[in-house]
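Trainee: no FASTA, just this:
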């Protein structure tokens, strides 16, 4: 597990968001606002930094909501992550996909059927998964919440989730 304060904030935000969504009938947006307040109370980050980490988390949740099957089996999750689920370290997978399911429902309510393309950039924080360099095609995989580096092959800074 990284000691990066942004990685910790991503995991804290996800945990708070899951608890809020599990206990109440808030929309994802309202729940995220509450989760950001709770994360802010922990200290260590500016509001701007918390907002940036919240954007990273929502990007990943929206991507999962649009990319994974409604019923997530271990095999379908492995396909989405592009590696064996058993390899994932210190990540609240059930919580994450519960949030993705709730986000999927909310997205359906607002009829957002357009396929979302999310660019991932060096320096962004992301949950586990496999990413492909937009320039050279090199794949990099993360087993836990991580900060995306430059491409180790060509030093490009943009990636797509594979």
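Mentor: Thanks, I have it. Fair warning: this is a prediction, and the values are worked out from it, not measured in the lab. Numbers count the residues shown, from 1 in each chain.

Trainee: from what I can see residue 56 touches residue 126, true?
Mentor: Yes - at 6.3 Å, residue 56 and residue 126 qualify as touching, with contact defined as CB atoms under 8 Å. No exception for glycine: its C-beta is placed from N, CA and C like everyone else's.

Trainee: What are the boundaries of the helices in the protein?
Mentor: 5-23, 28-42, 47-67, 74-81, 93-109 (DSSP state H).

Trainee: Which of the ones you listed has the lowest mean pLDDT?
Mentor: Among those, helix 74-81 carries the lowest mean pLDDT, at a mean of 48.

Trainee: if you skip the residues just before and after it, what's nearest to residue 44?
Mentor: Once flanking residues are discounted, residue 44 sits nearest to residue 5: 5.6 Å by CB to CB, 6 or more residues apart in numbering.

Trainee: And for the residue lying closest to residue 153 once chain neighbours are set aside, the neighbour number?
Mentor: Leaving aside its sequence neighbours, residue 153 sits nearest to residue 138 (CB to CB, 6+ apart; 4.0 Å). If you count neighbours by other CB atoms under 10 Å, residue 138 ends up with 14.

Trainee: and residue 138, how far is that from residue 8?
Mentor: Distance of residue 138 to residue 8, computed by CB to CB, to the nearest Å: 27 Å.

Trainee: which residues sit in contact with residue 47?
Mentor: Contacts for residue 47 were tallied using CB atoms under 8 Å, 6 or more residues apart in numbering; they are 36, 40.

Trainee: now swap in residue 26 and tell me
Mentor: Listed by CB under 8 Å, 6+ apart, the contact set of residue 26 reads 20, 34.

Trainee: Can you give me the pLDDT of it?
Mentor: 70.
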